[in-house]
Each structure stands twice: as C-alpha cells, then as structure tokens.
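J.: Pasted the sequence and its predicted model underneath.
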Amino acid sequence: MNWKCHAGGAIAYGYNHWIGRFPSGFVRAGYLKLWLKEIGMNTHVQMGCRFLHGRKVSFGARNVINFGCLFDGRRFQIRTADDVSIGPEAAILTLGHDPQSPDFADRGGDVIIESRVWIGYRATILPGVRIGEGAVVGACAVVTHDVEPFSIVAGNPARAIGERCNKLVYQLNFRPSLV
C-alpha cells in the first residue's frame, strides 16, 4: 500500500470514530471543509455520519445530512446539488460487486442527487444512480435505477408511486448547535 492510501484511511478513521461523533456542528464542519471535495454554504452534517472516502463527496448549499448516514466515495463521486435533505441512516453507495462475475469484480458508478431531493429514513441509493430534481425517496427504499424529477419512489426495489409538486421554491435552513 502506498502512503496516500494509509493517510486517507487515517483521515477517514479520525472523522468516522472521533470528529464525526463530537457534539459540535462547528468542529465537524471545519474538518469536513478540509476533507470533502466540496461542502456548500449552510450545509449541516449531523453526528454519526460516516465517509468511506471524503475526497470524492461533494455537497451543495443548504443540505441537511441527518445522523448515521453512510457515504461510500471510495472510487466514484457522490454529488448533491442544493437544498437536499437526506434522512437518518441513509446509505449512498458507489461501489459493489458484479454478481455474475466469476472473479467477484468490482462494479460501480457516480451517484448524482439534484436540487430539492428528499431522501427518507434508511433509504439505500445504489451505484450509478441519478436522482432527479425535487424527487422523493421513501423510507427504507432501495434505489437501483435513476429516479425521474419530481417523482416519489418507494419500495425494494424502488418504483414510482406518485408525483411531487414541480414548483418547489423552498430553501433548507437547519442549523442545530449540538447534533
């Protein structure tokens, strides 16, 4: 292993086991500004979130990342636009394995989440997925394919169950001091 791999692992360990559990949003935000590829203005990451590789994760402005989320940026990018709300314990995955591969080969892709997306509690977003503007992903949904803008999806695998208003104008403004 090279020194970059070791350094990256130490940085991830430091955040995931110490800084990410520290009850100060200010301290966590400072660490994340140095580690993540990008973190937009007024984006808040709650305690207990884990990052497998922060340099491949970009958050837009005014995102709310609830407690216990997992961001797998090991090989591919995770990018959110503005005003995205990600519910507690959601998992955004960019890398897995090809189940048909005789040698257990890796398979993955970037995950792109557009503006004003709402991802519910314990939802799982699989590699290579794009979630369109204003879409809603229901609690515990497993998203295996792209989600159309302003659609509401739920289930395992997630499928469309409705549509959301397409005239969204809100901006998230969540800034608690200790979570």
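T.: Received it, and whenever you're ready, just let me know what you need.

J.: Show me the shaky parts of the protein.
T.: For the chain, applying pLDDT under 70 flags the ranges 1, 3-6, 177-179.

J.: Please, where are all the helices along it?
T.: Counting by DSSP state H, the chain forms helices over residues 3-17, 25-35, given from the N-terminal end onward.

J.: Buried ones in the longest one, by neighbour count?
T.: For helix 3-17, the buried set under the neighbour-count rule, 16 or more other Cβ atoms under 10 Å, comprises 8, 11-12, 15-16. Where C-beta positions appear, they are placed from N, C-alpha and C, glycine not excepted.

J.: If you count contacts, what does it end up packed against?
T.: When contacts are defined as 3 or more Cβ pairs under 8 Å, 6 or more residues apart in numbering; DSSP states H and E, helix 3-17 sits against helix 25-35, strand 50-51.

J.: so what strands line up beside the shortest one?
T.: Sheet neighbours of strand 50-51, with direction, are listed as strand 70-71 (parallel) (DSSP bridges).

J.: quick revisit: mind putting the helices of the chain into JSON lines with distance to residue 129?
T.: Formatted as JSON lines, these follow (distance: least, Cβ to Cβ, whole Å):
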{"stretch": "helix 3-17", "distance to residue 129": "23"}
{"stretch": "helix 25-35", "distance to residue 129": "23"}
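
J.: show me what contacts the residue of the chain most remote from its centre?
T.: Using Cα atoms, centre = their mean, the residue of the chain lying farthest from its centre is residue 102. It sits 30.2 Å away. Residues near residue 102 by Cβ atoms under 8 Å, 6 or more residues apart in numbering: none.
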